[in-house]
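**Student:** quick one, structure for this:
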Amino acid sequence: MSAAAAMDRFIDAIEWLAAAFVGIVALDIFVSVLLRYFFSVSIPDSYDFGKLLLGILIFWGIAATSYRGGHITVDLVWSAAGPRGKRLIDIFATLVLLFVVTVQTVMLFDKVRLIYQDHVLTYDLGIPTWPFALVAWLGDVSAVLLIAIRTYRLIFHPEEVADVHGAVE
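**Tutor:** Model prediction:
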C-alpha cells in the first residue's frame with residue numbers, strides 16, 4: 001500500500017470516528033428525552049455524559065473538518081486571487097491552523113492530566129471523567145495529524161487535496 005493510500009485510510013477512519021460520536025451524542029439525547037418524557041425517569045449522570053460526549057464530539061469534529069477544509073472560512077480575498085495566490089493563501093491558512101490546533105492540543109493535554117490527578121468524578125455514579133477527556137484529546141491529536149497531512153499535500157501534492165466543494169485543486 002502506498003503512503004498516500006495509507007494516509008487516505010487514516011483520514012477516512014478519523015472521519016468515521018467523528019461520525020460515530022455524532023451518533024452516540026444523538027442516541028444519548030434521544031434516550032434521555034424519551035425516558036424523561038414518557039416514564040419520568042432520568043439516566044444517572046445523563047447531564048454529565050452528555051456534556052462529556054459533546055466535548056469529545058467537538059474535538060473529533062475539528063479533526064474531521066480540518067482536513068477537508070469544511071470549517072467556516074472567509075473567501076473574499078481567496079476568490080479574487082489567481083490559482084497561485086489561492087494556493088499560497090491555502091498554505092498560509094493551513095499553517096496558521098496547524099499552529100493554533102497544536103497549541104490547543106498541548107494545553108488540552110495539561111487539562112487531561114489535571115482531571116486525572118484531581119480524580120474528577122461524575123456526580124451520580126462517581127465515574128472518573130479523565131477517560132472522556134483523553135478521548136477528546138485524542139481527537140485533537142488527530143486534528144493536528146490531519147492538518148499536517150493537509151499542509152504537506154498542499155505544498156508538495158496539491159492535486160491530492162479536495163477543496164470544500166469536493167473538487168480537487
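**Student:** which pLDDT value goes with Pro128?
**Tutor:** At Pro128 the predicted local distance difference test score is 97.
**Student:** packing partners of the lowest-mean-pLDDT helix or strand in the chain?
**Tutor:** Within the chain, no helix or strand scores below helix 76-80, which has a mean of 83 by mean pLDDT, DSSP states H and E. For helix 76-80, the elements it packs on are helix 83-117, judged by 3 or more Cβ pairs under 8 Å, 6 or more residues apart in numbering; DSSP states H and E. In this view, the C-beta of every residue, glycine as well, is placed from N, C-alpha and C.
**Student:** now the element after the helix it packs on, going C-ward?
**Tutor:** Going down the chain from helix 83-117, the next helix or strand is helix 130-156, by DSSP states H and E.
**Student:** what are the buried residues along that next one?
**Tutor:** By neighbour count, and taking 16 or more other Cβ atoms under 10 Å as the criterion, the buried residues in helix 130-156 are 130, 132-147, 149-151, 153-154.
**Student:** stretch 8-15 now?
**Tutor:** Residues of stretch 8-15 classed as buried: Ile11, Ile14, Glu15 (neighbour count, 16+ other Cβ under 10 Å).
**Student:** next: stretch 44-55.
**Tutor:** Buried, per 16+ other Cβ under 10 Å, within stretch 44-55: Asp45, Ser46, Asp48, Phe49, Leu52, Leu53, Gly55.
**Student:** now the angle from the longest helix anywhere in the chain to helix 130-156?
**Tutor:** Assignment by DSSP state H gives helix 3-39 as the longest helix of the chain. Between the axis of helix 3-39 and that of helix 130-156 there is an angle of 140 degrees, by axes from the mean of the first three to the mean of the last three Cα atoms, to 10 degrees.
**Student:** which helices and strands sit right next to helix 3-39?
**Tutor:** helix 46-68, helix 130-156.
**Student:** could you tell me the least trusted of the ones you listed?
**Tutor:** Of all the helices and strands packed on helix 3-39, the segment with the smallest mean pLDDT is helix 46-68, scoring a mean of 88.
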